[in-house]
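# Okay, sequence plus prediction incoming.
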Amino acid sequence: MARIALIEPEQASFEVKEIYEKTLRGKPGNAQKALAQRPEMLKNFLGFYASVGRSLDRKLYELIYIRVSMINSCRYCLQHHLASSKRVGITPEDWAALKTGDYSRFTEKEQAALAYAEKLTRDPHSVSDADFTVLKKHFTDPEIVDLHLLTGLANLTNRFTDPLGLEVEFPEEKI
């Protein structure tokens, strides 16, 4: 159960209702309902969220979000990204590999990104020039910036959703 009040559409201010209807197509999730406590943050966050990681392949985007959410044991984000990962061809076998940290089934580029996102999540101060040598074999500088922002965004949402007690809005996947 949520630890703060969620702003339901019928309780929302005009500004929030407009965001719910136009940006979220009338289907705000519990994360957006929590962010609606701060309408300006909701508006700004949705734009930021939509822009992060867009230079990366959508499959890679989902792989990173799932792995970071697994590392942080964030049920809410994990479930949302498991659901969206199906649309880009990620399978339950891929999920199981991510859960164990076995990246061998993925491409070299995906392996490099996943290993880096894991390091950035677990111990950002251990990132070295050698890590960038590996990344630069597969990614441009703008893509590396996106990889960083995506990893940071996943860590942010992982620390926002589950600690607030947000419930997943649909049946959960098992891994």
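Everything's here; your move.
# mind checking the longest helix of this structure?
helix 141-161 (DSSP state H).
# which parts of it are buried?
143-144, 146-158, 160-161 (16 or more other Cβ atoms under 10 Å). The way it works is simple: take the backbone N, C-alpha and C, and place the C-beta from them, glycine included.
# Ok, stretch 107-123 next?
Result for stretch 107-123 [16+ other Cβ under 10 Å]: buried residues 109-118, 120-121.
# Between those residues, which sits nearest residue 89?
Residue 89 has its nearest neighbour among those in residue 110, at 12.4 Å by Cβ to Cβ.
# Sketch out the helices for this protein, chain order is fine.
14-18, 30-35, 39-51, 58-71, 75-85, 92-100, 108-122, 129-135, 141-161.
# Same list (those helices) but as a markdown table, adding distance to residue 3 and mean pLDDT.
Formatted as a markdown table, the helices of the chain follow (distance: least, Cβ to Cβ, whole Å; pLDDT from 0 to 100):
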| stretch | distance to residue 3 | mean pLDDT |
| --- | --- | --- |
| helix 14-18 | 20 | 97 |
| helix 30-35 | 9 | 98 |
| helix 39-51 | 17 | 97 |
| helix 58-71 | 19 | 98 |
| helix 75-85 | 13 | 98 |
| helix 92-100 | 27 | 98 |
| helix 108-122 | 24 | 98 |
| helix 129-135 | 37 | 97 |
| helix 141-161 | 11 | 98 |
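# Dump those helices to JSON lines, plus distance to residue 167.
Output for the helices of the chain, formatted as JSON lines (distance: least, Cβ to Cβ, whole Å):
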{"stretch": "helix 14-18", "distance to residue 167": "20"}
{"stretch": "helix 30-35", "distance to residue 167": "6"}
{"stretch": "helix 39-51", "distance to residue 167": "19"}
{"stretch": "helix 58-71", "distance to residue 167": "16"}
{"stretch": "helix 75-85", "distance to residue 167": "8"}
{"stretch": "helix 92-100", "distance to residue 167": "21"}
{"stretch": "helix 108-122", "distance to residue 167": "24"}
{"stretch": "helix 129-135", "distance to residue 167": "36"}
{"stretch": "helix 141-161", "distance to residue 167": "10"}
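# Of those helices, which is nearest residue 168?
That would be helix 75-85 among those, by Cβ to Cβ, at 4.5 Å.
# by contact count, what packs against the closest one?
For helix 75-85, the packing partners by 3 or more Cβ pairs under 8 Å, 6 or more residues apart in numbering; DSSP states H and E come out as helix 58-71, helix 92-100, helix 141-161.
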